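Engineer: compute the structure for the input listed below.
(one chain, ligands or ions: 1)
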Amino acid sequence: MDLGIKGRKAIVCASSKGLGRGCAIKLAEAGVDLVLNARSEGPLNETAEYIRDTYGVNVTTVACDITTEEGRNKVLAAVDAPDILVNNAGGPPPGVWSDWGQKEWEAAVQSNMLTPILLATAVLPGMISRQWGRIVNITSGSVKSPIPHLGLSNGARAGLTGFVAGTSRQVAKDGVIMNNLLPGQHDTDRINALMTNKSKAEGISLEEARTKTQAGLPTGRFGDPLDFGATCAFMCSEHAKFMVGQNILLDGGAFNSTMG
Ligand code: NAP
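Structural biologist: You can find the predicted model right below:
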């Protein structure tokens, strides 16, 4: 399917690895020029090189922490008139409610709520004036069904979800489409870090922790970051113009419900 976005320009935050990388690759496959971001230069440059070599699109890299004002400004300065924004950042650390005080909550809210809101706020006026834009926020299945040890994620991302629910409906008439993409368990460094914690807590190997967790999913396996990226690219496509303020869950059926 032609996604109708060849030649568009996208910012993909936190995209040297994992889900952000999957989104960047699938946007590049659709002919989109990219600004990629991550903190470490090595993996960022490797991903950029792979995408340039494979898809022939223009790729600019900005190595910085997207959760800081300085980092956001650098990323925004790297592209004139972005058409697409994919918001992403690292997830907060696991723990229990009693582990988290003001400092931990402020960090989680900064990363997983304020950063995507402020980036959207920065690009929205231009998108509205050009009457075309796409914003996809990578959030988490934890927004729909709380994950007990990821309370910081449950809380901070719910705040972002509320912002998108209201704002998406105000900007849709100007051709700007905002939605959230909710990952369940995908095979990335992040899931391996969580599986390492599980293996330590349960006294089992990392491989056993992975096998046990995957067996609990209806698919019997973790999600593929490239499949996730393909859904993201569709949500950034011309064809997504009637999809407004939605929360698209990609969790292999882990959230058990008849509907919704
Ligand atoms: P990942 O494999 O650990 O990759 C994270 C990427 O983000 C890396 O490229 C990393 O590069 C970059 N990054 C992290 N913090 C950053 C920052 N402050 N500024 C700029 N770049 C940053 O993680 P993932 O699995 O793709 O997860 C992406 C998001 O989805 C996270 O918020 C995660 O909590 C959420 N999520 C993931 C899953 C899953 O199963 N994978 C499930 C639910 C939710 P650097 O380290 O070099 O900065």
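
Engineer: where do the helices sit along the stretch 151-260 of the chain?
Structural biologist: 151-171, 189-202, 206-215, 225-235 (DSSP state H, counting those that start in this stretch).

Engineer: tell me if the second one is near the ligand.
Structural biologist: Yes: Helix 189-202 comes into contact with the ligand (Cβ under 6 Å from any ligand atom), by way of 189-191. (Each C-beta comes from the backbone N, C-alpha and C, glycine too.)

Engineer: so which of these is the most crowded?
Structural biologist: Ranked by neighbour count (other Cβ atoms under 10 Å), these have residue 191 at the top, with 19 neighbours.

Engineer: most tightly packed of the helices of the stretch 151-260 of the chain?
Structural biologist: helix 225-235 (a mean of 21; mean count of other Cβ atoms under 10 Å).

Engineer: contacting residues around it?
Structural biologist: Under the criterion Cβ atoms under 8 Å, 6 or more residues apart in numbering, residues 3, 5, 18-19, 21-27, 29-30, 32, 86, 134, 136, 138, 177, 179, 181, 183, 186-188, 240, 243, 248, 250 lie in contact with helix 225-235.

Engineer: same thing with stretch 244-260?
Structural biologist: 139, 141, 143-145, 161, 164-165, 168-169, 172, 177-186, 216-219, 221-223, 227-228, 231, 235.

Engineer: start to end distance for it?
Structural biologist: End-to-end distance for stretch 244-260, by Cα to Cα, to the nearest Å: 16 Å.

Engineer: ok, now stretch 4-21?
Structural biologist: 21 Å.

Engineer: does that stretch reach the ligand?
Structural biologist: Yes: Stretch 4-21 comes into contact with the ligand (Cβ under 6 Å from any ligand atom), by way of 14-20.

Engineer: mind showing which ranges of the stretch 101-250 of the chain have poor pLDDT?
Structural biologist: For the stretch 101-250 of the chain, applying pLDDT under 70 flags no range at all.

Engineer: for the ligand, what are the nearby residues on it?
Structural biologist: Contacts of the stretch 101-250 of the chain with the ligand, taken as Cβ under 6 Å from any ligand atom, map to 138, 140-141, 183, 185-186, 188-191.

Engineer: which of those sit farthest apart?
Structural biologist: 141 and 189 (17.9 Å; Cβ to Cβ).

Engineer: sorry, back to before: can you select the buried ones from the contacts of helix 225-235 in ChimeraX?
Structural biologist: To isolate the buried subset of the contacts of helix 225-235 in ChimeraX, counting by 16 or more other Cβ atoms under 10 Å, use the following:
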select :3,5,18,19,21,22,23,24,25,26,27,29,30,32,86,134,136,138,177,179,181,183,186,187,188,240,243,248,250
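
Engineer: thinking again about what came up before, redo the helices of the stretch 151-260 of the chain as JSON lines? Include distance to residue 41.
Structural biologist: Listed next are the helices of the stretch 151-260 of the chain as JSON lines, based on distance: least, Cβ to Cβ, whole Å:
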{"stretch": "helix 151-171", "distance to residue 41": "27"}
{"stretch": "helix 189-202", "distance to residue 41": "17"}
{"stretch": "helix 206-215", "distance to residue 41": "28"}
{"stretch": "helix 225-235", "distance to residue 41": "21"}
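
Engineer: could you report the neighbour count for the spatially closest residue to residue 165 that is not a sequence neighbour?
Structural biologist: Closest residue to residue 165 apart from its sequence neighbours, by Cβ to Cβ, 6 or more residues apart in numbering: residue 245 at 5.2 Å. Look at residue 245: counted by other Cβ under 10 Å, it has 18 neighbours.

Engineer: state the distance from the residue of the chain positioned farthest from its centre to residue 209.
Structural biologist: Most distant from the centre of the chain: residue 203, at 31.5 Å, with distances by Cα atoms, centre = their mean. Here the criterion is Cβ to Cβ, to the nearest Å. By it, residue 203 lies 10 Å from residue 209.
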